[in-house]
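A.B. asks: quick one: sequence and predicted model below, then my questions.
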Amino acid sequence: MRRCAELCGNPSAAVLSGGGNDIALSTSVTTVETAAANLASWLQDRGIPTVWVTIYPFPSVSPAYPLFNLQRRAYNDWLRSGGPEWGTVVDLDPVLGGDSLDPQFRVCTPSAPADIHANNAGYAVGATAITQTLAHLLVGSG
């Protein structure tokens, strides 16, 4: 984002969703939080409205669930508690099933019965929550 702003100017808003792959690749939650806090500071210095998106819940039937759910929850709790100190948080847990991804919102095929990804319906529900929050922020800042 920093390089993009240098080349193109500041964005009118930022929507940030991430950390899940980092955690899955053994990056510590503290490292992910530090990166998010540094980016938040940069965004705040420029007054850029920001939406932070929690890591959506994994399905409890996935092998990834016991491996990464505690870290996912720790990061999400940090976001919800105001950890970045800038921006608004969209919490995907309530809209996608709570602590486990609702089966209606997950990819489930014979070859991947425990896929951790949301399906199109899950992404649509998440996108609606994000869009509503972003619209509110942009109207409020305009």
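C.D. replies: Arrived safely.

A.B. asks: so who does Ala24 touch?
C.D. replies: Contact analysis of Ala24 by CB atoms under 8 Å, 6 or more residues apart in numbering lists Ala64, Leu67, Phe68. C-beta coordinates here come from the backbone N, C-alpha and C atoms, glycine included.

A.B. asks: how far away is it from Tyr56?
C.D. replies: Per CB to CB, to the nearest Å, Ala24 is found 13 Å from Tyr56.

A.B. asks: give the residue spans of the protein that score low on pLDDT.
C.D. replies: Where the chain drops to pLDDT under 70, the residues are 1-5, 109-114, 140-142.

A.B. asks: ok, now with 80
C.D. replies: Along the chain, segments meeting pLDDT under 80 span 1-7, 108-115, 140-142.

A.B. asks: where exactly do the helices run in it?
C.D. replies: Remark: helices assigned in the chain by DSSP state H are 2-8, 20-24, 29-45, 64-80, 92-96, 120-141.

A.B. asks: those: which one's closest to Trp86?
C.D. replies: When the helices of the chain are compared by CB to CB, helix 29-45 sits nearest Trp86, at 3.9 Å.

A.B. asks: how big is the angle separating the closest one from helix 64-80?
C.D. replies: Per axes from the mean of the first three to the mean of the last three CA atoms, to 10 degrees, the angle that helix 29-45 makes with helix 64-80 is 30 degrees.

A.B. asks: and stretch 73-85, C-alpha only, in CSV?
C.D. replies: Taking C-alpha atoms only, stretch 73-85 is exported to CSV below (Å, rounded to 0.1, in the frame of the first residue of the first chain):
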residue,chain,number,x,y,z
ARG,A,73,-9.2,-16.2,17.5
ALA,A,74,-6.3,-14.4,19.2
TYR,A,75,-5.8,-12.2,16.2
ASN,A,76,-9.5,-11.5,15.8
ASP,A,77,-9.8,-10.7,19.5
TRP,A,78,-6.9,-8.2,19.1
LEU,A,79,-8.7,-6.6,16.2
ARG,A,80,-12.0,-6.4,18.0
SER,A,81,-10.3,-4.9,21.1
GLY,A,82,-9.0,-2.0,19.0
GLY,A,83,-5.5,-3.4,18.6
PRO,A,84,-4.7,-1.5,15.4
GLU,A,85,-5.8,1.8,17.1
